[in-house]
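>>> 3D, please:
(one chain, ligands or ions: 1)
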Amino acid sequence: MSRRWQAPRGTFDVLGEEAVARAHLEALARRVLESAGYRRIETPVFEHTELFARGVGESTDVVQKEMYTFAEEADGASYTLRPEGTAPVCRAYLEHGMFKQPAPVKLWYLSSFFRRERPQKGRYRQFWQVGIEAIGSDEPAVDAESILLLAELLEALGCRGVRLRLGSLGTPATRQLYRTELQAYLRAHADELAAEVVARIDLNPLRAFDAGDRGTRRVMSGAPRLLDRLADDDREHFATVCELLDEAGQAYTVDPTLVRGLDYYTRTVFEFTSDALGAQSGVGGGGRYDGLMEEIGGPPTPGIGWAAGVERMLMTATTVPAAEPPTDLFVAYASPALRAAAFRLAADARRAGQAATLELGGRSLKGQLRQADRAGARYVAILGDEGVALRDMETGDQRDVDMATVIHHITRPAL
Ligand code: HAM
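Next comes the predicted model:
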């Protein structure tokens with residue numbers, strides 16, 4: 001007997017109610033983001049490996065161990081399944097000369113991404129993100145607006161226990177100085193730190209703030225903070241972002257230890273978490289990446305964006321519709337001779353904009369009516385040898401109608 005396959009570890013099928021929930025999320029995201037001037041973009045599932053190595057950063061976990069990379073035999077080039085969307089969107093921005101458009105260029109996406117992570121609840125190897133990128137402006141108002149949009153989306157979904165943490169990483173120059181200061185501090189306390197933190201002092205000392213072990217946490221509580229070392233213009237930029245969020249009534253906590261897993265961030269960084277999630281509490285996050293465009297071969301161009309995990313948002317969402325969208329018309333027929341007429345009626349109803357289905361499983365008339373009920377149909381047209389009976393499933397009323405007028409009867413006047 002041949003083997004029965006299962007989806008690979010860390011991946012999943014989307015079906016039934018889960019598919020309905022995702023469609024709902026997509027519709028909300030489109031409404032929230034397009035109302036704010038964002039336009040949809042989709043980029044390829046794989047890109048040149050170098051784009052992520054340079055864009056996301058060689059020292060990140062994502063690039064070091066989580067990328068699905070493969071070589072193309074013919075040209076020997078190395079490709080990688082996208083682990084995130086910001087570098088690809090910036091690549092597309094440059095490739096299509098979007099810098100000619102008025103800034104900021106506002107783009108949104110809903111796509112799947114790939115990271116070779118250890119699968120657990122809320123953490124998958126193929127997962128979906130809704131994300132936005134606003135490219136070409138360094139105005140703090142763009143930062144605040146983008147944060148508010150994610151807050152709005154989470155609210156529209158009814159996500160539970162949401163909190164916003166906010167920080168600023170300053171410019172690369174400030175960060176470099178701070179990094180040196182932090183490295184010196186970490187080296188001075190090396191014997192109290194976890195071995196993996198010590199191993200990262202050279203490559204990524206900031207990640208020490210992420211460590212969970214007691215010793216490291218104690219040391220880090222006294223560590224110098226980047227937020228206290230910001231240059232004046234960065235400090236002002238951050239203060240304005242905070243003011244605008246206050247103005248909009250958006251609650252947040254300033255977290256001087258907020259570090260993100262990707263290297264491209266400058267200035268504003270933020271993360272939305274949910275108390276309703278387990279260990280993987282990050283629902284969505286992002287920040288500014290004013291140096292990324294240069295890193296991938298473009299002119300200096302500021303940008304900011306975020307991405308939120310679709311699975312994690314849905315895990316905490318409360319406004320997700322449970323059932324399939326209702327069927328307007330279910331076409332049932334009493335005998336096989338009427339199948340063609342039933343088929344035509346259902347097709348005509350769909351052409352007229354109605355959600356219409358018909359019996360395709362070879363059921364008896366009784367079975368068909370049960371099926372119509374299960375599908376939550378508003379109307380059932382029952383084709384018999386004598387004509388058509390139309391049943392209103394909400395009221396139970398049934399009357400004989402002319403075949404040609406069925407669609408007219410079920411069409412609700414537009415509001
Ligand atoms: P990120 O923080 O790596 O940022 O991912 C954003 C969100 O994607 C996370 O908060 C989480 O909800 C979801 N996510 C990440 N990895 C997984 C996984 N393995 N399984 C399930 N969900 C996951 C970025 O990707 C940046 N590109 C965001 C950004 C856009 N920054 C600026 N612009």
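>>> burial count for residue 292?
27 (other C-beta atoms under 10 Å). (Glycine included, C-beta is placed from N, CA and C.)
>>> Which residue, neighbours along the chain excluded, lies closest to it?
Spatial nearest neighbour of residue 292, chain neighbours left out: residue 264 (4.2 Å); criterion: C-beta to C-beta, 6 or more residues apart in numbering.
>>> My read is that that neighbour contacts residue 55, right?
Yes - counting by C-beta atoms under 8 Å, residue 264 sits close enough to residue 55 to count as a contact (6.3 Å).
>>> burial of the nearest residue to residue 201 once chain neighbours are set aside, as a residue count?
Leaving aside its sequence neighbours, residue 201 sits nearest to residue 186 (C-beta to C-beta, 6+ apart; 5.0 Å). The local packing of residue 186 (other C-beta under 10 Å) involves 22 other residues.
>>> now swap in residue 70 and tell me
Neighbour tally, residue 70, other C-beta under 10 Å: 13.
>>> where's it, which helix or strand?
Element membership of residue 70, judged by DSSP states H and E, is strand 69-71.
>>> would you say residue 129 is within a strand?
Yes - assessed with DSSP: H, G, I helix; E, B strand; the rest coil, residue 129 lies in a strand.
>>> Show me what it is bridged to.
Residue 129 has these beta-bridge partners by DSSP bridges: residue 111, residue 309.
>>> wait, what's in contact with it?
84-85, 109-113, 307-310 (C-beta atoms under 8 Å, 6 or more residues apart in numbering).
>>> right, quick check: stretch 191-211 against the ligand, any contact?
No - using C-beta under 6 Å from any ligand atom, we find that stretch 191-211 stays clear of the ligand, coming within 12.4 Å at best.
>>> Provide the contact partners of that stretch at residue level.
So stretch 191-211 is contacted by 59-60, 179, 182-183, 186-187, 190, 213, 215-220, 223, 226, 257, 259 (C-beta under 8 Å, 6+ apart).
>>> are any of these buried, and which?
The neighbour-count test (16 or more other C-beta atoms under 10 Å) applied to those identifies 60, 182, 186, 216, 219-220, 223, 226, 257, 259 as buried.
>>> Could I get the contacting residues of the closest residue to the ligand within the chain?
The chain approaches the ligand most closely through residue 309 (2.5 Å), counting by C-beta to the nearest ligand atom. By C-beta under 8 Å, 6+ apart, residue 309 lies in contact with 122, 127-129, 282-284.
>>> at 10 Å what do you get?
By C-beta atoms under 10 Å, 6 or more residues apart in numbering, the contact set of residue 309 is 113, 122-124, 127-131, 277, 280, 282-285, 315.
>>> Near the ligand, list only the ones from those residues.
Answer for the contacts of residue 309 near the ligand (C-beta under 6 Å from any ligand atom): 122-124, 127, 129, 131, 282-285.
>>> Please list the residues of the stretch 101-250 of the chain that sit near the ligand.
So far as C-beta under 6 Å from any ligand atom goes, the stretch 101-250 of the chain lies against the ligand at 115, 117, 122-124, 127, 129, 131, 133.
>>> returning to what we had before: figure out the helix or strand that the residue nearest to residue 201 lives in.
Residue-wise, residue 186 maps onto helix 172-188 under DSSP H and E.
>>> now for that helix, which elements pack on it?
On a contact count with 3 or more C-beta pairs under 10 Å, 6 or more residues apart in numbering; DSSP states H and E, helix 172-188 meets helix 195-199, helix 214-221, helix 232-247, strand 266-274.
>>> wait, does the helix or strand where residue 63 lies contact the ligand?
For residue 63, the enclosing helix or strand under DSSP H and E is helix 61-65. No - using C-beta under 6 Å from any ligand atom, helix 61-65 stays clear of the ligand, with a minimum separation of 7.2 Å.
>>> And the furthest pair within the buried ones among the contacts of stretch 191-211?
60 and 219 (22.6 Å; C-beta to C-beta).
>>> circling back: what is the distance between the helix holding residue 186 and the centre of its chain?
With C-alpha atoms, centre = their mean, to the nearest Å as the basis, helix 172-188 stands 33 Å off its chain's centre.
>>> Quick one: mean pLDDT over that helix.
The pLDDT scores in helix 172-188 average 93.
>>> Got phi/psi on the residue nearest to residue 177 when sequence neighbours are not counted?
In this structure, residue 177 finds its nearest non-sequential neighbour in residue 229, 7.0 Å apart by C-beta to C-beta, 6+ apart. Main-chain torsions, residue 229, degrees, to the nearest 10: phi -110, psi 0.
>>> contacting residues around residue 229?
Here residue 229 is in contact with 170, 174-175, 177-178, 181-182, 235 (C-beta under 10 Å, 6+ apart).
>>> Tell me how far it lies from residue 9.
Counting by C-beta to C-beta, to the nearest Å, the gap from residue 229 to residue 9 is 42 Å.
>>> now swap in residue 338 and tell me
Residue 338 is 49 Å from residue 9, by C-beta to C-beta.
>>> Those two: which has the busier surroundings?
The neighbour count for residue 338 versus residue 9, taken as other C-beta under 10 Å, is higher for residue 338 (18 against 9).
>>> That one is in contact with residue 368, isn't it?
No - when contacts are counted by C-beta atoms under 10 Å, residue 338 is not listed as touching residue 368 (11.4 Å).
>>> list residues touching both of the two?
331-332, 382.
>>> Please narrow those to those residing in strands.
331-332, 382 (DSSP state E).
>>> Mind giving me the PyMOL select for these, buried ones only?
Buried residues among these (16+ other C-beta under 10 Å), as a PyMOL selection:
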select buried, resi 331+332+382
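>>> Tell me how many other residues crowd residue 253.
If we define neighbours as other C-beta under 10 Å, then residue 253 has 10 of them.
>>> and the nearest residue to it once chain neighbours are set aside, what is it in contact with?
Counting by C-beta to C-beta, 6+ apart, residue 253 lies nearest to residue 165, which is 5.4 Å off, once chain neighbours are set aside. Shown in contact with residue 165 (C-beta under 10 Å, 6+ apart): 252-255, 257-258, 269-273, 282, 285.
>>> top of these by neighbour count?
Most crowded among the contacts of residue 165, counting by other C-beta under 10 Å, is residue 270 at 27 neighbours.
>>> I figured that residue hits residue 286, correct?
Yes - Residue 270 is in contact with residue 286 according to C-beta under 10 Å; the separation is 6.5 Å.
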